[in-house]
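In: please find the sequence and the predicted model below.
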Amino acid sequence: MNSWTDRLGHTNLRTFTDEDGNFWIEQNRAKASRWAKLAKKGHAVAWEMARAGGGYTGRVLIDGEIYSTSDATRKFLNE
């Protein structure tokens, strides 16, 4: 996540493609979701997409660690 390389469309969210070719987009903090609230608390949150403009793969990057959505929910959102 230290290597954000681009901005995406009208949202201006940061994106990057990792060394394995995976496309990541940062969590939009302006949203009202639990994930946006987590990002507002200072966690770096990004979502993996199949490609730019592609569908969500089911993986999330939080503070440099890759999780499945269910694992991330258990770890970060079950308060």
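Out: That came in fine, so what should we check first?
In: show me what I25 is bridged to.
Out: T15, W47 (DSSP bridges).
In: state the pLDDT value of it.
Out: Turning to I25, the model gives it a pLDDT of 89.
In: count of neighbours near R51?
Out: For R51, the neighbour count with other C-beta atoms under 10 Å is 11. All C-beta atoms are positioned from the backbone trio N, CA, C, and that covers glycine.
In: same deal with F23?
Out: Using other C-beta under 10 Å: F23 sits among 20 other residues.
In: what's near enough to touch the residue nearest the centre of the chain?
Out: In the chain, the centroid-proximal residue (C-alpha atoms, centre = their mean) is A46; its distance is 1.2 Å. Taking C-beta atoms under 8 Å, 6 or more residues apart in numbering, we find A46 in contact with 1, 24-27, 60-62.
In: same thing but 10 Å
Out: Neighbour list for A46: 1, 4, 13-16, 18, 23-27, 39, 59-62, 64, 66 [criterion: C-beta atoms under 10 Å, 6 or more residues apart in numbering].
In: just the buried residues from those residues, in ChimeraX please.
Out: Buried residues among the contacts of A46 (16 or more other C-beta atoms under 10 Å), as a ChimeraX selection:
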select :13,15,16,23,24,25,26,27,39,59,60,61,62
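In: how about low-confidence regions in the chain?
Out: Low-confidence segments of the chain, defined by pLDDT under 70: 1-11, 52, 79.
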